[in-house]
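Asker: got a predicted structure here, sequence first:
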Amino acid sequence: MVWRLITYTELYTPVPPYKSTYAIGVVEDESGRRAVVRIDRRYFGRLRTGMEGEVVEEWTVFGTLKKFVPREEVRVTRVALVTGGARGIGSAIALELARAGFSIAVADLAYDQDAEKTLEAVKSLGVEATFVAMDVSSAESVERGVSEVLSKFGRIDVLVNNAGITRDAYLQRMRPEDWDAVVRVNLTGAFHCSKAVSQHMVRAGGGVIVNISSIVGLVGNIGQANYAATKSGLVGFTYTLAKELAPYGIRVVAIAPGFVKTRMALAVPRSILRDYLKRSPVSRLVEPEEVARLVRHVVENEAINGIVIPIDLGLGISSPKA
Amino acid sequence: MRVGIVGAYSTGYELRSEREAWELLEEAVRGALNSVEKGISGEDIDLVIVSNFSDRFGGILHTVPYALSLLGRTSAKGVRVENACASGGTALYLAWSMARAGLARNVLVVGFEKMSHQPTAAEANEVLMAAGHPEEILAGAPFVSLYAMIAKAYMDRYGATEEDLALVAVKNHENGLRNPLAAMRRKVTVEDVLKSPYVSWPLKLYDSSLISDGAAAVVVSAEPRRFTDAPVYIEGMGLAHDTPGIFERPDITELRAMRFAAEEAFRISGLGVKDVHILEVHDAFTIAELIAYEMLGLAKRGEAAKLLREGIVMFGGEKPVNPSGGLKSKGHPIGATGVGMAAEIFWQLRGEAGSRQVEGAERGLMENHGGTGGTVAVAVFSR
């Protein structure tokens, strides 16, 4: 039975009890029979009057729904924007998402050797990649960068808020500028990027935001009041966005790595790292690729939302806490 | 028998009233009685009709005894009516019919709704969604989406644009600036409307009427001259229905019950759209006002927007539509809306509309519809 779409709308303001965005249409079959149908939001922007498809029934808690499935296959290449993507965990995430078939936008402060290396490695996997210069602490810079990605790829399906810095010092020695700088990049940066990207995700029918928090944000760490506060801040930020954005098909998840073998971690004095490993049930550092594989899983598993997932070799259960 | 309105009152419509629903109801009842020039007492009222959509707005049901207690009279009869957004027009239709049939002498019609009782617009829309066809409810279509599908079909067929729709909002907001009762007295430009976020494409935030709080009441009498020397007569009314679901209608771009109700009102009154000087129509969404022009006979099919571009329906134009600001700017407290339209025309035809007064208005028309036009009440008035 062929059904033809005779009118439709894309609903961007979810209404209880369904709490979801979707398209709604009126369809007609060859005999002139009509039905009002729901259409999956992945067809946002692709519907048109006269489109043909079939009507299928779908069981839901609220009743059996009539759904219209257009004949035309939706084939899109998904796009991931990774902030702080030039090196470290960000670079590993960019590569892993490239392996998953994403087009990759690597955002970082400047196009340097690391950025070039990451970009080349991503491209060698056969996907499209671009670099965007972005200072996440600046709303204007973020908006410019996001527009650049959208004009190049047309969409952003995944945002990884990974950009982060440290300015470690004991509280009494921590200067206000050390505090502010870390907050501006690690926490405010995630806010700017999520705000800029989520509005496009709504119109595109959804997406995933992954915030790279830290185990330090959950258990604290001596000498890192600023860093720990921002990583903890990302936890509340994640929970809140997960609630706010779920109806729009946007999932928000935080990942809390332990010490990862990156330049940032290796800058920590060796004696402190050794002390840290003493407390860790597994006595090694986490590999960036291990974090990246978890990000990929979170992106692909649509049931994961509004949670902080530690990837810390069991540090979170150690005593005394790190 | 000429039945007329002899008193009218409306609370100011508000986006989020501090007052409870019953306080709004009380203000409207007392206000309407006090507005009757030669005086009217509770003893004179023998029928009370309360218009109210849902107790999920306002948290009160069984309001007839409460309204009667405000009149200081319990021997009158009463009933609450619900016909979605056309509850007020339906209440007026019943009052007019009963008075005309000699079954009631004087009827108090009062409508109210306190929509901000629901914490968010999304939850208010859930309550409203219950007025759709069961399959539309199951599909999860709030009214903005149903009207969006009507708009899309209309745009496909007639080439109308989002700017055409925006012109309705701009006009009604401009009119609302002159109405002290309006909930949102704010001028908006075509650009503002076009830049407002899509709620259900192609309809935007500024294509939608206001979720609001308010109450309105009119006193309908079979002996109008007993109470005032300047009654406003209800010359004819029509109440008509259509299928509840838009998908069941042969032509989705029509709200044909509007046409049926108007034809009935015109037939009874012996008047036509050419004879009225002012119209209050149900602009729950901008597209509904455009289609109303066509269903009421002001414009040919597909040519509604011309009336806006040529200024005909503007304040100061040949046929001003919604000089009150309409549902768009004045507000749309569901149960009050139709009653408020009748109150507005009462004031306009008596020359009491202040700075929004339409010069020389002697005859008026109101069109109040529920759902996506599953129920439509049309009344033709003269002074």
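Answerer: Received it, and whenever you're ready, just let me know what you need.

Asker: where along the stretch 51-200 of chain B do the strands fall?
Answerer: Listed in chain order, the strands of the stretch 51-200 of chain B (DSSP state E, counting those that start in this stretch) span residues B:77-81, B:106-114, B:198-201.

Asker: and of the ones you listed, who's closest to B:Gly371?
Answerer: strand B:77-81 (14.6 Å; C-beta to C-beta). (C-beta placed from N, C-alpha, C; glycine too.)

Asker: just checking: what are the partner strands of the closest one?
Answerer: strand B:47-51 (parallel) (DSSP bridges).

Asker: where along chain A do the strands fall?
Answerer: Listed in chain order, the strands found in chain A under DSSP state E are A:3-11, A:22-29, A:34-39, A:52-60, A:63-70, A:79-83, A:103-108, A:129-133, A:158-161, A:207-212, A:250-257, A:308-311.

Asker: a markdown table for these, including mean pLDDT and mean neighbour count?
Answerer: Rendered in a markdown table, the data for the strands of chain A read as follows (pLDDT from 0 to 100; neighbours: other C-beta atoms under 10 Å in any protein chain shown):
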| stretch | mean pLDDT | mean neighbour count |
| --- | --- | --- |
| strand A:3-11 | 98 | 23 |
| strand A:22-29 | 98 | 24 |
| strand A:34-39 | 98 | 23 |
| strand A:52-60 | 97 | 13 |
| strand A:63-70 | 96 | 17 |
| strand A:79-83 | 98 | 30 |
| strand A:103-108 | 98 | 28 |
| strand A:129-133 | 98 | 19 |
| strand A:158-161 | 98 | 28 |
| strand A:207-212 | 98 | 26 |
| strand A:250-257 | 98 | 26 |
| strand A:308-311 | 98 | 18 |
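
Asker: need those strands in CSV with distance to A:Asp178, can you?
Answerer: Below are the strands of chain A laid out as CSV (distance: least, C-beta to C-beta, whole Å):
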stretch, distance to A:Asp178
strand A:3-11, 46
strand A:22-29, 47
strand A:34-39, 51
strand A:52-60, 52
strand A:63-70, 54
strand A:79-83, 21
strand A:103-108, 21
strand A:129-133, 24
strand A:158-161, 21
strand A:207-212, 20
strand A:250-257, 22
strand A:308-311, 25
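
Asker: and residue 85, what is it in contact with?
Answerer: Let's take chain A. Counting by C-beta atoms under 8 Å, 6 or more residues apart in numbering or on different chains, A:Gly85 touches A:Ser91, A:Ile93, A:Ala94, A:Ile104, A:Ala105, A:Val106, A:Ala107, A:Asp108, A:Ala115, A:Thr118, A:Val160, A:Asn162.

Asker: look at chain B instead
Answerer: Applying C-beta under 8 Å, 6+ apart, the residues near B:Cys85 are B:Phe53, B:Ala131, B:His282, B:Ala284, B:His332, B:Ile334, B:Thr337, B:Gly338, B:Asn368, B:His369, B:Gly370, B:Gly371.

Asker: from the residues you listed, which land in strands?
Answerer: B:Asn368, B:His369, B:Gly370.

Asker: any idea which of the strands of the stretch 51-200 of chain B is most buried?
Answerer: strand B:106-114 (a mean of 30; mean count of other C-beta atoms under 10 Å in any protein chain shown).

Asker: that strand to strand B:77-81, inter-axis angle?
Answerer: 40 degrees (axes from the mean of the first three to the mean of the last three C-alpha atoms, to 10 degrees).

Asker: which other helices and strands does strand B:106-114 contact?
Answerer: helix B:21-34, strand B:47-51, helix B:64-71, helix B:87-100, strand B:213-221, helix B:334-349 (3 or more C-beta pairs under 8 Å, 6 or more residues apart in numbering or on different chains; DSSP states H and E).

Asker: ok, and for the last one, which residues are buried?
Answerer: Across helix B:334-349, burial judged by 16 or more other C-beta atoms under 10 Å in any protein chain shown covers B:334-349.

Asker: quick one: low-confidence ranges for chain B?
Answerer: Judged against pLDDT under 70, chain B has no low-scoring part.

Asker: quick revisit: nearest to A:Val298, of the strands of the stretch 51-200 of chain B?
Answerer: Using C-beta to C-beta, the strands of the stretch 51-200 of chain B put strand B:198-201 closest to A:Val298, at 29.3 Å.
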